[in-house]
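Enquirer: Just the structure for this:
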Amino acid sequence: KDAGTAITTGDYNTAFGSGALITCATGSANTAVGWKALEMCESGGEYNTCVGMAAGEGLTTGDNNVAIGASALDAAVTGGGNVAVGASSLSTNTSGANNVAVGYQCLQLSTTASNNVGVGYGALYANTEGHSNVAVGHGALIANTEADFNVAIGRDAMGATANTGAGYNIAIGGSALDGA
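Expert: Now for the predicted structure:
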């Protein structure tokens, strides 16, 4: 119902699901599948692919984003070049760009953070502003909020009690530097 009904001059859009691409007037080459997917994509948002309930829901002018999963990248407004795969991944990202989040709640609290890679359940979960971090593993860098240039590989590496603001660290192995 109402999918893509606002499109006036936008080309090559695909909308399927109630409220999908409902406010998109001029954006082009967008694909929205699911209830409220890319709902707020107004003018300028191009080359976005959002699949899942409310995936990319708040995206207005960001380009080249991929969101797959319920509420993935749903608060994004202007951020571009993001990839969010998994429910609630990158779900509070508003303007951060060039992030990759794969896993449930991966980079969930990210707002303006850019150039991060998180793979695994809750990887970089609390990262709001930190940039250029890599976290691979369940809970890796989960408490990091604004630190930059960290690498954490392994379950809970630099995890729950660890790094919130220190940068340029490398932790490899389960619970490595957890509490550092």
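Enquirer: okay, CA-based contacts and neighbour counts for the rest of this
Expert: OK.
Enquirer: just for the chain, where's the confidence low?
Expert: Counting by pLDDT under 70, the chain shows low-confidence ranges at 1, 43, 161-164, 180.
Enquirer: what residues does stretch 59-69 touch?
Expert: Under the contact criterion Cα atoms under 8 Å, 6 or more residues apart in numbering, stretch 59-69 has outside partners 38-53, 55-56, 73-89.
Enquirer: can you rerun that using 6 Å?
Expert: Applying Cα atoms under 6 Å, 6 or more residues apart in numbering, the contact partners of stretch 59-69 are 40-42, 44-52, 55, 73, 76-87.
Enquirer: Start and end of it, how far apart?
Expert: 15 Å (Cα to Cα, to the nearest Å).
Enquirer: hang on, the earlier thing: could you flag which of the contacts of stretch 59-69 are buried?
Expert: 40-42, 44-52, 55, 73, 76-87 (16 or more other Cα atoms under 10 Å).
Enquirer: so which strand or helix has the most centrally placed residue in the chain?
Expert: By Cα atoms, centre = their mean, the chain has its centre lying nearest to Leu90, at 2.8 Å. Under the criterion of DSSP states H and E, Leu90 resides outside all helices and strands.
Enquirer: Is it in contact with Asp74, as I believe?
Expert: No - with contact defined as Cα atoms under 6 Å, Leu90 and Asp74 do not form a contacting pair (7.7 Å).
Enquirer: how distant is stretch 170-180 from the center of its chain?
Expert: Centroid separation for stretch 170-180 versus its chain: 24 Å, with Cα atoms, centre = their mean, to the nearest Å.
Enquirer: what's next to that stretch, contact-wise?
Expert: With contacts defined as Cα under 6 Å, 6+ apart, stretch 170-180 is touched by 150-159, 161-162.
Enquirer: Please pick the buried ones from these.
Expert: By 16+ other Cα under 10 Å, the contacts of stretch 170-180 give 150-159, 162 as buried.
Enquirer: ok, the contacts of stretch 170-180 vs Gln108, which is closest?
Expert: Gly159 (15.1 Å; Cα to Cα).
Enquirer: Now do Gly179: how many residues are near it, please.
Expert: 12 (other Cα atoms under 10 Å).
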